[in-house]
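[1] can you look at this prediction? I've put the sequence above it.
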Amino acid sequence: MKKAYFGTDGIRGKVGEYPITPDFVLKLGWAAGRIFSLDRHHSNVLIGKDTRISGYMFESALEAGLAAAGVNTQLLGPMPTPAIAYLTRTFRAQAGIVISASHNPHYDNGIKFFGPDGMKLPDEIELQIEDQIDKPMTTVESSSIGKASRIGDAVGRYIEFCKSTIPSRIEFNGTKIVVDCAHGSTYHIAPHVFEEVGATVVAIGAQPNGLNINDGVGATKPEQLSRTVLEERADFGIALDGDGDRLIMVDHKGEIVDGDELVYIIAKSRLESGGLKGPVVGTLMSNLGLEHALEALGLELKRAAVGDRYVMEMMLQHDSVLGGESSGHIICRDRITTGDGIISALQIMAAMHESGKSLNELKSGMAKYPQCLLNVKVREKINLDELGLVQNLKDEIQRELGSKGRILLRPSGTEPLIRIMVEGQDARIVRAMADRLANAVSSALIL
C-alpha cells in the first residue's frame, strides 16, 4: 500500500500547512499511541525536538495525543535525532519521536519515529499509524490517561555515549577545531563532546533563537565554517545540520570534505584495523570516485536508493557496518543504529590520530568526479516517467557520457523539488548537461 503521509524521513512540510498543523499532529500522536500501546497497559514514548520555534507547539500536541491513547511520554527537549534513537533503546521505550525538519529552514517542521530498537519504523508500522489517523479520535478512561515527565540527564547520557565510540586512550590535546552546530539541536552537546576528548573548540552556529536554524550555517552551508577554520588557523572544522544526523567537514586548507570522502576515510581506517565487515553502502548519488577508491582497497560499494533508511535497509541485507550519503548522513552500524554527525566526526578524528595524517592527507586517496546538482521546484508530485521529452534527453546525455559518467533524475523525498545530478570527467561539460536537463524539466512542467 502507498503511504498517504509518511515520506522517506517521516512526515515533513511547512508549518501551518496540512499536515504540519497542531490538529493533525495531535491526531498523529493519538494514532501512534494506539499502535504503540497494543498489548500493553501503559507504553512509554520519548519525545525530542530540534530548536525551531514550532517545536514547542508540536511537542504539546504530540503529548496530548499520546496521553489520550493511554501512553506515557518522557520529554527530552532539544536533542539530536540520533540521540533520541539511542535513548529510546536505553530507556526501553516503545518508541522515540523526533520533532524536526532536519536541514530545512525554520518555517518547516516534521515528525519522525524510532522503534524500540532505535531504528526507523518499518513501512508496515507507518501504514498502521496512518490507518488509525483516519479513525475517529477517542480517549481512554481517565484512570488510564498517559502521564508526562521530563528526563533531566539526557544530555549527559548522550555525551558519554558519544565519547565511548572511540577508544579512551585516544586524546586530541593540542588539536584546535571549529564546530558548526547550525543553531540546531547539537548546540549544547557537540562542543562539550569534542572538548571532553581534549580538543580546543571554537563553536559557531551555537546560539539558536528558534528562527535561525540552518540559516547560513551547518552541513548544508559550510562556507562560514571554511572561513572560520582559516581565520582561526584550526586543524579542521566540523559542520552538523539542524538535527545532528549529518556531517560535513573542512580541512586545514578550508577545503570542504563531503560525505563520500568521509565514508572513504572511515572505510580505509576500519579496513586497516580489521573492523570492517561486508560491503560499504552508498546511494545512487554517491560519487564514482568513491566507488573507484573503494575498489582500489578491495572493497565493494553497494548503491541504495537515496535516503538513509534505504542505506540502512541495504546495510542490514548485506550485514554491512558502514554506509552513508554524499550529503553527510553516515551510519556506523557498529556504533549506533542511525546517522550521527558527532559520532561520525569522532571516527574521522580517530582515523587521523591513528594514522598520524591530516584530514587533507586522508581524503587524498579518493579522487572525486565533477558532479553538478540542480533542483527544479514543483508545485505537486509528478511522475517523471510521463515526461517523454525529458526522458529522451536524459537517454541522449547518458549516451554522450558513456561509462565515464552518470545521470540521476528523481523527485525529492522531503521537499517539493526535482533533483538533477550529472557526473562526468569534465566539470564544464557536466554543468552544461545539467542545465539542459533542468531547462527541459522546467519546460515540461509549464506544458
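    Perfect, thanks for sending it.
[2] which parts of the stretch 101-250 of the chain are strands?
    Ranges of strands in the stretch 101-250 of the chain, per DSSP state E, counting those that start in this stretch, are 108-114, 148-150, 176-180, 200-204, 236-240, 247-251.
[3] need the ones you listed in CSV (columns: mean neighbour count and mean pLDDT).
    No exception for glycine: its C-beta is placed from N, CA and C like everyone else's. Shown next, in CSV, are these (neighbours: other CB atoms under 10 Å; pLDDT from 0 to 100):
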stretch, mean neighbour count, mean pLDDT
strand 108-114, 25, 98
strand 148-150, 12, 97
strand 176-180, 25, 98
strand 200-204, 19, 98
strand 236-240, 30, 98
strand 247-251, 27, 98
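[4] could the ones you listed be laid out in TSV, adding distance to residue 353?
    Converted to TSV, the strands of the stretch 101-250 of the chain look like this (distance: least, CB to CB, whole Å):
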stretch	distance to residue 353
strand 108-114	31
strand 148-150	37
strand 176-180	13
strand 200-204	15
strand 236-240	12
strand 247-251	15
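[5] lowest-pLDDT helix or strand in this protein?
    Least confident helix or strand of the chain, by mean pLDDT, DSSP states H and E, is strand 406-411 with a mean of 89.
[6] tell me what that one is packed against?
    For strand 406-411, the packing partners by 3 or more CB pairs under 8 Å, 6 or more residues apart in numbering; DSSP states H and E come out as helix 388-401, strand 417-423, helix 427-446.
[7] return the most buried member of the ones you listed.
    strand 417-423 (a mean of 22; mean count of other CB atoms under 10 Å).
[8] what angle do it and strand 406-411 make?
    180 degrees (axes from the mean of the first three to the mean of the last three CA atoms, to 10 degrees).
[9] could you give the mean pLDDT of strand 417-423?
    The average of the pLDDT scores along strand 417-423 is 93.
[10] quick one: it to chain centroid distance?
    19 Å (CA atoms, centre = their mean, to the nearest Å).
[11] tell me the strands beside that strand, with direction?
    strand 371-377 (antiparallel), strand 406-411 (antiparallel) (DSSP bridges).
[12] want to try a markdown table for the helices and strands packed on strand 406-411, with distance to residue 291 as columns?
    Below are the helices and strands packed on strand 406-411 laid out as a markdown table (distance: least, CB to CB, whole Å):
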| stretch | distance to residue 291 |
| --- | --- |
| helix 388-401 | 15 |
| strand 417-423 | 11 |
| helix 427-446 | 17 |
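[13] so residue 204 sits against residue 226, correct?
    No. Assessed by CB atoms under 8 Å, residue 204 is found out of contact with residue 226, at 11.2 Å.
[14] hmm, back to that, kindly export the least confident helix or strand of the chain (C-alpha atoms) in CSV.
    This file holds the C-alpha atoms of strand 406-411, laid out as CSV (Å, rounded to 0.1, in the frame of the first residue of the first chain):
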residue,chain,number,x,y,z
ARG,A,406,26.1,9.1,-14.6
ILE,A,407,22.7,10.9,-14.6
LEU,A,408,20.2,10.8,-11.8
LEU,A,409,16.8,12.4,-12.1
ARG,A,410,14.4,12.0,-9.2
PRO,A,411,11.8,13.7,-7.0
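[15] next one: it to chain centre, how far?
    How far strand 406-411 lies from its chain's middle: 20 Å, per CA atoms, centre = their mean.
[16] before we move on, what about stretch 290-306?
    The answer for stretch 290-306 is 20 Å, by CA atoms, centre = their mean.
[17] ranges for the helices of the chain?
    For the chain, applying DSSP state H gives helices covering 22-36, 55-68, 81-90, 123-133, 154-163, 190-196, 223-232, 259-273, 288-296, 308-317, 341-355, 359-363, 388-401, 427-446.
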